[in-house]
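Q: fold the stuff below for me.
(2 chains)
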Amino acid sequence: MRGFKLRMVLLNALVLVLVAAMLMPLLYMITMSFRTATEIAQAPLGVPERFAWENYLRAFGGMNYVRAVLNSVFITISVTGLTALLGSMAAFPLARNTSRLARIFVLLVALGLATPNFVTITPIYVIFRDLGLLDTYLGIILAFSALNLPLAVFFYVGFIGAIPQDLVDAAKLDNCSDWQVFWYVIRPLLVPATATLSLFVMLMVWNDFTYPLLLLTDKDKFTVTISVYRFVGNTNIQPDMLFPAAVLGSLPLLVLFVIFQRRIVAGVTAGAVK
Amino acid sequence: MTSRRSMFLFTLPALIVLGLFFVYPILLTFQMSFTSFAGVGEAEPVGLKNYDRIVSRSRYLNALWITAKFTIVVVVLQTIAGLCFAALLHRLPAVRNFARAALFTPAMMSFVVVGYVWQFIYSPFSGGLNALLRGAGLDWLARGWLGDPDTALYAIAIAHIWMFTGYTTAIFLAGYANIPSDVDEAGRLDGASSWQRFRYLEIPLLAPSFTINIMLSTIGTLKTFELPFIMTRGGPDGATRTLSLEIIEQLFGRYKFGFASALSIVMLVIVIMVAVFQNWYLRRREDI
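A: You can find the predicted model right below:
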């Protein structure tokens, strides 16, 4: 038994070392963000001689950070809400309808799950340009919603299909309209499903780079990812700009993750498994 | 379902958004792929010329090959790494929750941030990796990882794997949670070693998790764009120019909308073919 115990201790230690190794790039990012460019050039792996807060001041201003965070929050929440609402509405009749049309729709939606956004990006750019949707919040919200709707419909069809038909029938007997059935009977039952789906959509939208890169050019509408990209640039990259921008760019989600990590990991995993 | 009309009204908003910004664009991409559309003006029909160009120029075949290589490396290594972590953590309840969350953290970051940080880690003079190697006396290994055509793609793949190994681990751990505990118990009573249980009980029972992990990571990496865009811009010498990078380059670098559309259609066909094949193969494997 003693040998067994010792082995467990060693295994635990091994895992912790491996996890620490995986976290090194994060630690590196945070450490470097407090060092000056000269320090990094002289000793690439050193610790900060003093906290170079001026790095952060510059990044904070240069990225227009507050504005970028607000833009990301606004776009993310709008897309999540719109996707959840339209997705669950569409799934409500589709979940029980066995007509050929409904099945074709669900099949199309399933194909949509695998469709890369590069297939739609060229025409979306052209359509947006012609409709004047380039560089607008509405445009990017619609583009993201369309990208995530197949997932939402697919997801909700599964959940609504599992709701007992008796509930719907009972509400119908009480003279509820279809809309009332949906809003007062179905929607409350979908709250856990919506929470899982929203996590997925939020993560995807918040961190997406391609759509805002191509569809937004107005500085005042930049999301966090784009403001990191524009601030750091792609030639002559300066570490004292790169690292604080990287930390600021990931800070909102990392803070949320530290608080809700258990629910986020469980939710994202459940969403993928479904 | 009382009235068909009210039911139709429920799907209508989703249909409009999906139709305008999803189905119509796909059809338009298909149509544009047979033209020489340059973003403005008339689109000249050119028949199959764009597709012919893709299969006859080494540049584009190369982009396909690079995409395939990147996908295979990432999917294989990430699945193995995730499986190893999950198998260890399954046996170590004391550190399981902490390790799962810690490993998952990079997946909360954006490709832009991960790309920049790793780009600097790999940089030749003040980068962290070379400093580490020099410190360990391995000077001969130090190099400009992203500037060398032989290492650039693999360097990017490592950053990608680093980002998503925690995700894979979490999905495998969810699979482990679904294995009935008496199966494990029976294995123990029969005197199976930890390795034997892993090889002959756990791996077959984890088949559904393999399906999810492999399909998710394959679809995700086949369209990989952000990391090579940030870290190398497709260089050096096209060594990291993936299909999606080529699409964006043709689109916004050269305004060849028609040709970019043909590349997008190729990508769509590849992604759907791979997804359908994997789904068929991996699900069949689950039943055995």
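Q: any idea how many residues pack against A:Thr235?
A: 5 (other CB atoms under 10 Å in any protein chain shown). Using the backbone N, CA and C atoms, a C-beta is placed for each residue, glycine as well.
Q: can you check the one 5 residues further on too?
A: By other CB under 10 Å, the residues close to A:Asp240 number 22.
Q: so it is in which element?
A: Here A:Asp240 sits within helix A:239-273, counting by DSSP states H and E.
Q: and that helix, which residues are buried?
A: Under the neighbour-count criterion of 16 or more other CB atoms under 10 Å in any protein chain shown, helix A:239-273 has A:239-250, A:253, A:257, A:261, A:264-272 buried.
Q: for it, give the mean pLDDT please.
A: Taken as a whole, helix A:239-273 has a mean pLDDT of 86.
Q: is it positioned near chain B?
A: Yes. If you take CB under 8 Å from any CB of the partner chain as the test, helix A:239-273 does meet chain B, through A:239, A:242-243, A:245-246, A:249-250, A:253-254, A:256-257, A:261-262, A:264-265, A:268-270, A:272-273.
Q: gap between that helix and the chain center?
A: Centroid separation between helix A:239-273 and its chain, computed with CA atoms, centre = their mean, to the nearest Å, is 10 Å.
Q: one more: stretch A:200-218?
A: That offset, for stretch A:200-218, works out to 9 Å (CA atoms, centre = their mean).
Q: same question, stretch B:87-98
A: The answer for stretch B:87-98 is 26 Å, by CA atoms, centre = their mean.
Q: got the buried residues for that stretch?
A: Buried, per 16+ other CB under 10 Å, within stretch B:87-98: B:Ala87, B:Leu88, B:Leu89, B:His90, B:Arg91, B:Leu92, B:Val95, B:Arg96.
Q: can you tell me which of those are in helices?
A: B:Ala87, B:Leu88, B:Leu89, B:His90, B:Arg91, B:Val95, B:Arg96 (DSSP state H).
Q: now the fourth one. Nearest residue, chain neighbours left out?
A: To tie it back to what came earlier, the one meant is B:His90. Among residues not flanking B:His90 along the chain, B:Tyr176 sits closest, at 4.6 Å (CB to CB, 6 or more residues apart in numbering or on different chains).
Q: quick check: that neighbour vs chain A, distance?
A: 12 Å (CB to the nearest CB, to the nearest Å).
Q: phi first, then psi, for A:Leu133.
A: With angles defined as degrees, to the nearest 10, A:Leu133 sits at phi -100, psi -10.
Q: what residues sit buried inside stretch A:76-85?
A: A:Thr76, A:Ser78, A:Val79, A:Thr80, A:Leu82, A:Thr83, A:Ala84, A:Leu85.
Q: what does stretch B:26-33 contact?
A: A:115, A:119-120, A:122-123, A:126-127, B:43, B:50-51, B:257-258, B:261-262, B:264-265, B:268 (CB atoms under 8 Å, 6 or more residues apart in numbering or on different chains).
Q: for B:Arg59, what are its contacts?
A: By CB under 8 Å, 6+ apart, the neighbours of B:Arg59 are B:Gly238.
Q: now swap in B:Phe37 and tell me
A: With CB under 8 Å, 6+ apart, B:Phe37 has these contacts: B:Ala43, B:Glu44, B:Phe257, B:Gly258, B:Ser261.
Q: 7 Å instead?
A: Each residue near B:Phe37 by CB atoms under 7 Å, 6 or more residues apart in numbering or on different chains is listed here: B:Ala43, B:Phe257, B:Gly258.
Q: now A:Pro252
A: A:Val69.
Q: swap in 8 Å and give it another go.
A: Counted by CB under 8 Å, 6+ apart, A:Pro252 has contacts A:Val69, A:Ser72, A:Trp206, A:Val224.
Q: next one: B:Ala87
A: B:Phe172, B:Phe198, B:Glu202.
Q: repeat the analysis, applying 6 Å as the threshold.
A: B:Ala87 makes contacts with B:Phe198, as judged by CB atoms under 6 Å, 6 or more residues apart in numbering or on different chains.
Q: ok so, going back, pLDDT added to the ones in helices among the buried residues of stretch B:87-98, as TSV?
A: Shown next, in TSV, are those (pLDDT from 0 to 100):
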residue	pLDDT
B:Ala87	92
B:Leu88	92
B:Leu89	93
B:His90	91
B:Arg91	88
B:Val95	90
B:Arg96	90
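Q: number of nearby residues for residue 137?
A: Let's take chain A. Neighbours of A:Tyr137 (other CB under 10 Å): 14.
Q: that's the other chain; I wanted chain B
A: 8.
Q: got it, and B:Val117?
A: Neighbours of B:Val117 using other CB under 10 Å come to 27.
Q: over to A:Ala110?
A: Neighbours around A:Ala110, by other CB under 10 Å: 15.
Q: so what's it closest to, chain neighbours aside?
A: A:Ala110 sits nearest to A:Phe154 (CB to CB, 6+ apart), 6.0 Å away.
Q: how near is that neighbour to chain B?
A: With CB to the nearest CB as the criterion, A:Phe154 and chain B are 12 Å apart.
Q: would you check that that residue makes contact with A:Leu111?
A: No. Counting by CB atoms under 6 Å, A:Phe154 stays clear of A:Leu111, with 10.3 Å between them.
Q: of those two, who's got more company?
A: It is A:Phe154, of A:Phe154 and A:Leu111, that has more neighbours when counted by other CB under 10 Å, with 18 against 15.
Q: just the element for that one, please.
A: helix A:137-161.
Q: now do B:Ala43
A: Using DSSP H and E, no helix or strand contains B:Ala43.
Q: and for B:Gly220?
A: helix B:207-222.
Q: which SSE is immediately downstream of the helix or strand containing B:Leu133?
A: Following DSSP H and E, one finds B:Leu133 within helix B:128-135. Using DSSP H and E, the helix or strand that follows helix B:128-135 in sequence is helix B:152-177.
Q: so what touches stretch B:256-270?
A: A:116, A:118-119, A:122, B:29, B:32-33, B:35-37, B:39, B:50-51, B:243, B:247, B:250-251.
Q: now the angle between helix B:207-222 and the helix holding A:Asp240, please.
A: Helix A:239-273 and helix B:207-222 are oriented at 140 degrees to each other (axes from the mean of the first three to the mean of the last three CA atoms, to 10 degrees).
Q: centre of the chain versus stretch B:203-212, how much separation?
A: Worked out by CA atoms, centre = their mean, stretch B:203-212 lies 19 Å from the chain centre.
Q: now the end-to-end length of that stretch.
A: 14 Å (CA to CA, to the nearest Å).
Q: buried residues, that stretch. List them.
A: B:Leu205, B:Leu206, B:Ala207, B:Pro208, B:Ser209, B:Phe210, B:Thr211, B:Ile212.
Q: what number of residues lie near the nearest residue to the second one once chain neighbours are set aside?
A: Sequence neighbours aside, B:Gly175 is the residue nearest to B:Leu206 in space, at 4.7 Å (criterion: CB to CB, 6+ apart). For B:Gly175, the number of neighbouring residues by other CB under 10 Å comes to 24.
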